[in-house]
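Engineer: sequence and predicted structure, then a few things I'm wondering about:
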Amino acid sequence: MIMPRAKQYGFSTKAVRTGERTDPETGAVVTPIYETSVFAFTSTQQLIDAVSEKSSRDVYTRWSNPTITAAEKKIAELEGAADCAVFSSGMAAISTAIISLVSPGDHIVSVRDLYGGTVGLFSDLMSRFGVRTTFIEATNIDEISSTVRSNTKILFLETPTNPTLKLVDLQKAAEVAAKHGAKVLVDNTFASPYNQQPLQFNCHATLHSATKYLAGHNDVTAGAIAGPRELIEPMKKLRRTLGGVLDPHGAWLLLRGMKTLALRMAQHNSNGQQIAEYLENHPNVEKVYYPGLRTHPQHTLAKRQMKGFGGVVSFELKGDLNQTMRFVDNLKLALLGPSLGGAETLVSQPSTASHYFMDPDERRKAGISDSLVRLSLGIEDPEDIISDLAQAFDKANA
């Protein structure tokens with residue numbers, strides 16, 4: 001039995017049921033792991049029909065696979081998209097999306113404070129192929145408007161941004177891009193589709209490191225792109241060539257993780273708000289970055305554009321690099337690791353982890369100081385997280 005596509009279903013119902021079906025032979029409720037690389041055919045004509053896309057039969061898992069397709073359908077439904085492609089990592093998703101849309105001589109406009117891997121893709125790899133990127137303060141709509149030009153093919157956004165949690169007004173950014181025929185791609189990893197759906201604001205595609213909130217358990221590496229079918233289908237075909245396909249077992253783990261996305265995000269949001277408020281009032285903290293705080297300069301936009309504010313809180317300590325390292329090294333419950341979105345609380349210093357290879361001047365322009373700490377709140381009890389932070393502050397100052 002396949003769940004009917006019905007817009008009236010709530011988010012959590014979609015997260016549990018969309019894309020999956022009761023197995024007709026065994027009655028299994030959970031989608032099986034189709035751990036196979038190849039699919040057999042009863043005739044040459046049947047194979048020809050599948051290869052030429054006259055039928056929907058799977059041919060080879062690098063092309064498609066039933067477990068992978070189920071994950072794609074679920075993400076598409078959660079993002080309000082017509083189609084989705086999943087990949088072996090978030091960077092595989094981003095790089096495939098970019099390569100599918102640009103040619104030598106084209107131009108990309110990107111938010112400046114961006115995940116370090118994406119910065120490297122734009123600055124190093126794409127520039128080698130004659131595609132130039134201009135990094136801007138994308139919170140300033142006038143700066144977007146003055147930077148986008150006739151050969152700009154992509155406006156690439158993160159909101160909230162990594163790691164300073166700035167917001168981009170998606171509706172206004174999409175209006176500017178539309179005047180120039182540029183595609184708006186939004187890395188929605190930090191928000192998740194539970195908190196924000198960029199396609200509702202006329203953006204063209206939403207991307208995820210599905211490793212993070214979508215999968216949610218720090219046990220799978222995956223990426224995703226969701227959007228209109230005419231945009232996603234060429235990316236799926238390019239995925240065949242580049243080979244960044246998600247394996248069936250990873251897709252199954254992703255399916256399993258998404259079933260609890262709404263439950264987990266509610267706790268991530270709650271923990272994020274409570275810990276941000278605690279840090280804002282701590283004498284050893286210089287500044288807190290969290291869109292759920294009234295002191296955040298874009299709090300009004302956050303309330304309009306987001307359902308919740310996520311589980312990532314960034315903050316600057318009153319201290320130098322070494323003092324900040326002592327604080328991080330003394331955390332016990334929070335694990336030192338360069339990721340986010342899982343059930344466990346993780347902590348990192350962007351200058352020594354996600355943005356380590358970024359040019360120091362560019363880091364400073366993006367507001368990433370040596371005393372900046374990024375805290376990815378898990379789903380533990382907030383009192384225990386606060387207790388851990390308190391003892392680390394004490395030891396860092398001893």
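Structural biologist: Received, thanks.
Engineer: ok now the least confident helix or strand in the chain by mean pLDDT, how far from the chain's centre?
Structural biologist: Using mean pLDDT, DSSP states H and E, helix 360-365 stands out as the lowest-scoring helix or strand of the chain, at a mean of 73. Relative to its chain's centre, helix 360-365 lies at 23 Å (C-alpha atoms, centre = their mean, to the nearest Å).
Engineer: next: stretch 229-245.
Structural biologist: 18 Å.
Engineer: tell me the buried residues in it?
Structural biologist: Leu231, Ile232, Met235, Lys236, Leu238, Arg239, Leu242, Gly244, Val245 (16 or more other C-beta atoms under 10 Å). C-beta here means a position set from N, CA and C on the backbone, and glycine is covered the same way.
Engineer: can you put the residues you listed in a markdown table and add secondary structure?
Structural biologist: Output for the buried residues of stretch 229-245, formatted as a markdown table (DSSP: H, G, I helix; E, B strand; the rest coil):
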| residue | secondary structure |
| --- | --- |
| Leu231 | helix |
| Ile232 | helix |
| Met235 | helix |
| Lys236 | helix |
| Leu238 | helix |
| Arg239 | helix |
| Leu242 | helix |
| Gly244 | coil |
| Val245 | coil |
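Engineer: out of those, flag the one nearest to Ser339.
Structural biologist: Relative to Ser339, the closest of the buried residues of stretch 229-245 is Gly244; by C-beta to C-beta it sits at 18.8 Å.
Engineer: so the closest residue to that closest one other than its chain neighbours, which of the three states?
Structural biologist: Using C-beta to C-beta, 6 or more residues apart in numbering and skipping the chain neighbours, the partner closest in space to Gly244 is Ala92 (3.3 Å). When classified by three-state DSSP, Ala92 comes out as helix.
Engineer: thought Ala92 was touching Thr221?
Structural biologist: No - using C-beta atoms under 8 Å, Ala92 is not in contact with Thr221, being 9.2 Å away.
Engineer: give the contact list for the residue nearest to Gly244.
Structural biologist: Neighbouring residues of Ala92 by C-beta atoms under 8 Å, 6 or more residues apart in numbering: Gly223, Leu242, Gly244.
Engineer: which helix in this protein has the most residues?
Structural biologist: helix 261-280 (DSSP state H).
Engineer: got the CA positions of that one in PDB?
Structural biologist: The C-alpha trace of helix 261-280 is given here as PDB (Å, rounded to 0.1, in the frame of the first residue of the first chain):
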ATOM      1  CA  LEU A 261      12.800  14.700  12.000                       C
ATOM      2  CA  ALA A 262       9.900  16.700  13.400                       C
ATOM      3  CA  LEU A 263      10.400  15.200  16.900                       C
ATOM      4  CA  ARG A 264      14.100  15.900  16.800                       C
ATOM      5  CA  MET A 265      13.900  19.400  15.400                       C
ATOM      6  CA  ALA A 266      11.400  20.400  18.200                       C
ATOM      7  CA  GLN A 267      14.100  19.400  20.700                       C
ATOM      8  CA  HIS A 268      16.900  21.000  18.800                       C
ATOM      9  CA  ASN A 269      15.000  24.200  18.500                       C
ATOM     10  CA  SER A 270      14.200  24.200  22.200                       C
ATOM     11  CA  ASN A 271      17.700  23.400  23.300                       C
ATOM     12  CA  GLY A 272      19.100  26.100  20.900                       C
ATOM     13  CA  GLN A 273      16.900  28.800  22.400                       C
ATOM     14  CA  GLN A 274      17.700  27.800  26.000                       C
ATOM     15  CA  ILE A 275      21.400  27.500  25.600                       C
ATOM     16  CA  ALA A 276      21.600  30.800  23.500                       C
ATOM     17  CA  GLU A 277      19.800  32.600  26.300                       C
ATOM     18  CA  TYR A 278      22.200  31.100  28.900                       C
ATOM     19  CA  LEU A 279      25.200  32.100  26.900                       C
ATOM     20  CA  GLU A 280      24.000  35.600  26.300                       C
END
